[in-house]
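J.: sharing a model prediction with you, sequence too.
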Amino acid sequence: MNEVTKSALVFTAAMLAIGFAAAWFSPPGEWYAGLEKPSFNPPNWVFAPVWTLLYVLIGISGALAYHSQARERLVPLWVVLALLNGGWSILFFRMQQPGSALILVASMLVMILVYIARAWWPARAAALLFMPYGAWVAFATLLNGAIVMLN
C-alpha cells in the first residue's frame, strides 16, 4: 500500500468519524420533523448515503492535498471544513438554531470554493473531488435558508 493510499484511509476515516459522531449526537428528532420544509426537501433517507459518499471523496481529497506542494495551505483549510461540517449538525439539530446554522453553512460554502481554487493548480484531483461537496453544500445552504424563511 503506498503512502497516498494510507493517507486516504486515514483522512477518510477521520471524516467519517466526524460525520457519524455529529449525526449520533444530534439526530433530527421531533423538532426537525415538526419544521415546515420546502417542496425540494429530499426524503430523510437520502442524506446518509449522500454524506457517506461525500465523506469518502472529502477524505481522498484531503490525502491528495496532504501529499501536494500546497499542503501547508490546503490541509489546515480541510481540517477546519471537516470540523465545521460536524458543527453544522450540532448547531442545526441539537441546538435547534437554523439561523446560526445558515451562517455556518454559507461560510462553509465559501471555504469550499476557496479550497477548490487553492487546490486547482497544485492538486487538481483534490479540487475536483471537492466539487460534489461544494454542490451539495450549495444545495444545503439553499435548503437551510428555505427552512429559516418558512419557520
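T.: Ah, there it is.

J.: drop to CA atoms for contacts and neighbour counts, all remaining ones
T.: Fine.

J.: give me the secondary structure label for Ser7.
T.: helix (DSSP: H, G, I helix; E, B strand; the rest coil).

J.: just want the most central residue of this protein.
T.: What sits nearest the mean C-alpha location of the chain, by C-alpha atoms, centre = their mean, is Asn85, with 4.5 Å.

J.: I'd like the distance between that one and Val4.
T.: 24 Å (C-alpha to C-alpha, to the nearest Å).

J.: check contacts around Phe40.
T.: Going by C-alpha atoms under 8 Å, 6 or more residues apart in numbering, Phe40 touches Leu143.

J.: quick check: phi and psi on the residue nearest to Leu143 when sequence neighbours are not counted?
T.: Ranked by C-alpha to C-alpha, 6 or more residues apart in numbering and with sequence neighbours excluded, the top spatial neighbour of Leu143 is Asn41, at 6.8 Å. In terms of degrees, to the nearest 10, the main-chain angles of Asn41 are phi -70, psi 120.

J.: sorry, back to before: ok, the residue nearest to the centre of the chain touching Gly19?
T.: Yes - judged on C-alpha atoms under 8 Å, Asn85 makes contact with Gly19 at a distance of 7.4 Å.

J.: re earlier: just the pLDDT at the residue nearest to Leu143, thanks.
T.: We have a pLDDT of 97 for Asn41.

J.: same question, the one 10 residues further on
T.: According to the model's per-residue confidence, Trp51 sits at a pLDDT of 96.

J.: tell me how many other residues crowd it.
T.: As a burial measure, Trp51 scores 17 neighbours (other C-alpha atoms under 10 Å).

J.: please save the CA atoms from the host helix or strand of it in PDB.
T.: Assigned by DSSP states H and E, Trp51 belongs to helix 47-66. Extracted in PDB, the C-alpha atoms of helix 47-66 (Å, rounded to 0.1, in the frame of the first residue of the first chain):
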ATOM      1  CA  PHE A  47     -28.900  12.200   3.500                       C
ATOM      2  CA  ALA A  48     -27.000   9.300   5.000                       C
ATOM      3  CA  PRO A  49     -25.800   7.800   1.700                       C
ATOM      4  CA  VAL A  50     -25.100  11.100   0.100                       C
ATOM      5  CA  TRP A  51     -23.000  12.300   3.100                       C
ATOM      6  CA  THR A  52     -21.200   8.900   3.300                       C
ATOM      7  CA  LEU A  53     -20.100   9.200  -0.300                       C
ATOM      8  CA  LEU A  54     -19.100  12.800   0.200                       C
ATOM      9  CA  TYR A  55     -17.100  11.900   3.200                       C
ATOM     10  CA  VAL A  56     -15.100   9.400   1.200                       C
ATOM     11  CA  LEU A  57     -14.500  12.000  -1.600                       C
ATOM     12  CA  ILE A  58     -13.500  14.600   1.000                       C
ATOM     13  CA  GLY A  59     -11.200  12.100   2.700                       C
ATOM     14  CA  ILE A  60      -9.400  11.200  -0.600                       C
ATOM     15  CA  SER A  61      -9.200  14.900  -1.400                       C
ATOM     16  CA  GLY A  62      -7.600  15.600   2.000                       C
ATOM     17  CA  ALA A  63      -5.000  12.900   1.300                       C
ATOM     18  CA  LEU A  64      -4.100  14.300  -2.100                       C
ATOM     19  CA  ALA A  65      -3.800  17.800  -0.600                       C
ATOM     20  CA  TYR A  66      -1.600  16.400   2.100                       C
END
